[in-house]
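Peer 1: sharing a model prediction with you, sequence too.
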Amino acid sequence: MALLVEAGAVLATSLDLTTTMGQVARLTVPQLADLCVIDLRNEDGSIRDVAVAAAEQRTAEELEALRASHPLDPAGEHPVALVIRDGTPVLLPAMTDALLSSFAQGSEHARFMIEHNYSSAAVAPLSVGERTLGALSVLRLGDGEPYDGEDLELVSELARRAALAIDNARLYSEVRGVEERLAAVLVNLAEAITVVDEHGQMVFANQAAADLLGTPTPDELTSAPAGTVWPRFLVLDEDGRELDLDAMPGRRLFRGERAEPLLVRNIVRATGEERWLIVRSSAVTDPETERVLYAVNVFENITEVKRAQLAESFMAEASRLLASSMDYAETLKRVAQLAVPQLADWCAVHLLSDRGEIERVAVHHTDPAWRAEAERRSLTQRPPLDKRNGVPEVIRTGRARIFTDIDPDALARSAADPQDVELLKEIGATAVIIVPMLGAGRTIGAITLISSESVRRLSRADLALAERLGRRAGTAVESARIYTERTRIAHTLQRALLPESLPEIPGMEILALYSPAGELNDVGGDFYDVFEYGDDRWMLLIGDVCGKGARAAGVTALARHTLRAAAMGGQSPAGMLDMLHRALRRQPPGADLCTVCLVTIERTAEQALLTVALAGHQPPLLIGEDGRASQPGQPGTVLGVVDPIDIRETEASMSPGETLLLYTDGVPEAGRSGAQLGEAGLLELCVQAPGLPLAELLGRIERAALESAAGRLRDDIALLALRLT
Amino acid sequence: MLSLRGELDLASAPLLQGEIEGSEVAGAAIVVLDLQDLEFIDSTGLRVLLTAHERSRERGQEFAITPGSQQVQRLLSITRVDEHLRVIASPDELLV
């Protein structure tokens, strides 16, 4: 029993197979055996001796050499081979030379055994469960007591224990192999990995984790007390909400919750560096209690992918804003709002005016108080163009500037403008990016981004996106400016085509309404005019030139001035239109077509005498106080396209309270087929309320026309109304 | 024969203008603008109509139109353009 206890102690001390087996073998000598051999079966089935112990060391060495040169045949008759094959112990109480020779591995082996007086042997299998790992052999040499059944039992028990130890040692070395391989994998992985225990203590970190978490070596992380690593970071979710440590998947595991991978925006408080990480955690649990022992956290750094994705969506949104309106001052304000807080804490936009002055058109900060304060500041309102640094420099050179890790004290000692330094200090700026806004081949302004109170700081990584924004905004401003210029020219032209204001006519109330269709850029189309051309003789006219644009504008101007000249020259209404017709025919070919409704008015004591001449135009509406209406005039040929023309004059009279309405076909024909106001609809509107003030009447007609056109006129609307008072 | 459908205005007039200058129309002996399915015409459309008429006269082609919608007919009569164009009841009238 003492042997077994001693063996137990030996077997428990070490897990190294060779050492342990050597110790076990030596234990048996000389108490139990003169010679002890432990053989193991290799995976390929061959047999090797792992331990040989003998009373005389030379004997052991000789046997080891012999076994090395003559390995046991696993299929042979040697008792070790038999035991390993069958898994049952073998007792050989008395061995004869003939027996020894029968299972010897060759003559040398036989001679060795005979020379050493092999007399008795007990061989027990090293078995674990069904598996036989090898055999333990004890031998008596010379005249010693032969082994009996009791000895065999003892040897078998010893073998059983040794087998368990062997198996444990194997398992251990296998497990250690796995662990070592795993550790090697973890250490060398590019992804950051940490292992945290239930107390929040980091017990493992690889180099990538150290790099990510900002320490030179993993050891510094694992030796840092629990809870001291987390506060070094600001951790936000995708929408910018700050996350608690308990929200991390590793923490969830310890609470027995499911731990879905989590996308976080991680900002290093010390440097303002921003990273996007996917955190995945898995649990290491106690196999028996199923308690979570460790959380293994894997951090995948997707900063570049995420930044590119955010930059794309930011640019898409910015482009949409910039394209949404031609009012660029308003649009740039919205772009500044978009940049804050997504990109920076502050955003300012400066433009270079035609006069070569820099003007701030937008400044934004999330806090309205700060914003108001900034707007009040004159310093950044109009920085002089020759100022050395900042916005003027970027506008002059067209090159972006970036200032990271701003230290106001260091700045103060530099050549920077003291007022700028003061401002940067005041708002606590940590980084500034100024990018040029590029128009067609020139810098037309600059966008300034500043990070200040946010933990996140602007970095070089933000520069590319800022520059893209500058280019996009520059293009948008440039095209808006061109558009605005064209609109301004169109307005000017249109005003030249229409009378500045209508003359005051005694005893008459007169009002015009003009609503151009489509873009303001298109001039021409409808026109009207009212003027006195003799003693108390007035002319009202309204007309329509086909087409839009420069040519139509030219024809419109020609029509107005020719008719004025003809009236002053004493022509009759039909003569005036004939003169315009001939003027149009003298124009370069292209069938310039013009319709006119012309009405001359001669005021008498009680009423007014009207002469109506129509050239391809609808007759005017004459609406009585009682709501009865008439349309004086006879159809006349449209001007400028066919010869000869036939224009007739129609006379009518008008009493006080009556209303005369001249209009262009854009009024009844506004809207698509079927939805039009129509001549009948227009007439109805007029007769419904004959006493309505003129402004209200014209307003109603315009609204009705716009409604039928669903807000989009396809032709101009011109209305000219006159009421005798 | 060119059949016009829908609306002839500032937006669609260039299409007709192109057709008129096309080889098919230029090589024909008779040009008929069939306006039976034309719902709307404005002053620009009218001008293209008259240009077509003018071009046909230069080429020595016979030119005619068929009546369009009420609006089309009204515009042609207000402007008295109908007096200068040959208006036929249907395209078949010229072919027999």
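Peer 2: Yep, it's here.
Peer 1: need the CA coordinates for the strand or helix carrying residue A:703. CSV is fine.
Peer 2: In the assignment (DSSP states H and E), residue A:703 maps to helix A:694-708. Below are the C-alpha coordinates for helix A:694-708, written out as CSV (Å, rounded to 0.1, in the frame of the first residue of the first chain):
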residue,chain,number,x,y,z
LEU,A,694,-60.9,96.4,-59.5
ALA,A,695,-58.0,95.0,-57.4
GLU,A,696,-60.3,92.4,-55.9
LEU,A,697,-61.8,91.5,-59.3
LEU,A,698,-58.4,91.0,-60.9
GLY,A,699,-57.1,89.1,-57.8
ARG,A,700,-60.1,86.7,-58.1
ILE,A,701,-59.5,86.1,-61.8
GLU,A,702,-55.8,85.4,-61.2
ARG,A,703,-56.5,83.0,-58.4
ALA,A,704,-59.0,81.2,-60.6
ALA,A,705,-56.5,80.9,-63.4
LEU,A,706,-53.7,79.7,-61.1
GLU,A,707,-56.1,77.2,-59.5
SER,A,708,-57.1,75.7,-62.8
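Peer 1: residues in contact with that helix?
Peer 2: Residues outside helix A:694-708 that contact it (Cβ atoms under 8 Å, 6 or more residues apart in numbering or on different chains) are A:509-511, A:513, A:515, A:659, A:663, A:666-667, A:670-671, A:675-677, A:681-682, A:685-686, A:689, A:692, A:713, A:717, A:719, A:721, A:723. The C-beta positions use only the backbone N, C-alpha and C, and glycine is treated the same way.
Peer 1: list the buried residues of it.
Peer 2: For helix A:694-708, burial by neighbour count (16 or more other Cβ atoms under 10 Å in any protein chain shown) applies to A:694, A:697, A:698, A:701, A:702, A:704, A:705, A:706, A:708.
Peer 1: and the residues you listed as CSV, adding pLDDT?
Peer 2: What follows is the buried residues of helix A:694-708, written out as CSV (pLDDT from 0 to 100):
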residue, pLDDT
A:694, 89
A:697, 89
A:698, 89
A:701, 88
A:702, 86
A:704, 83
A:705, 83
A:706, 79
A:708, 77
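Peer 1: got the contact list for the spatially most central residue of chain B?
Peer 2: With distances taken as Cα atoms, centre = their mean, residue B:33 lies nearest the centre of chain B, 3.9 Å away. Contacts for residue B:33 (Cβ under 8 Å, 6+ apart) come out as B:1, B:2, B:4, B:49, B:52, B:63, B:64, B:65, B:66.
Peer 1: in chain B, where's the longest strand?
Peer 2: strand B:30-41 (DSSP state E).
Peer 1: list the pairing partners of it within its sheet, with orientation.
Peer 2: strand B:2-8 (parallel), strand B:62-65 (parallel) (DSSP bridges).
Peer 1: count of neighbours near residue 64?
Peer 2: Since you didn't name a chain, this refers to chain A. Other residues near residue A:64 come to 14 when the count uses other Cβ atoms under 10 Å in any protein chain shown.
Peer 1: that's the wrong chain, I wanted chain B
Peer 2: Number of residues near residue B:64 (other Cβ under 10 Å) recorded here: 19.
Peer 1: not counting sequence-adjacent ones, nearest residue to it?
Peer 2: residue B:86 (4.3 Å; Cβ to Cβ, 6 or more residues apart in numbering or on different chains).
Peer 1: thought that neighbour was touching residue B:63?
Peer 2: Yes - using Cβ atoms under 8 Å, residue B:86 makes contact with residue B:63 at a distance of 6.6 Å.
Peer 1: these two: who's more crowded?
Peer 2: Neighbour totals were compared for residue B:86 and residue B:63, and residue B:63 leads with 17 against 13 (other Cβ under 10 Å).
Peer 1: and that one, what does it touch?
Peer 2: Here residue B:63 is in contact with B:30, B:31, B:32, B:33, B:52, B:53, B:56, B:57, B:85, B:86 (Cβ under 8 Å, 6+ apart).
Peer 1: 10 Å instead?
Peer 2: Shown in contact with residue B:63 (Cβ atoms under 10 Å, 6 or more residues apart in numbering or on different chains): B:30, B:31, B:32, B:33, B:52, B:53, B:54, B:55, B:56, B:57, B:85, B:86.
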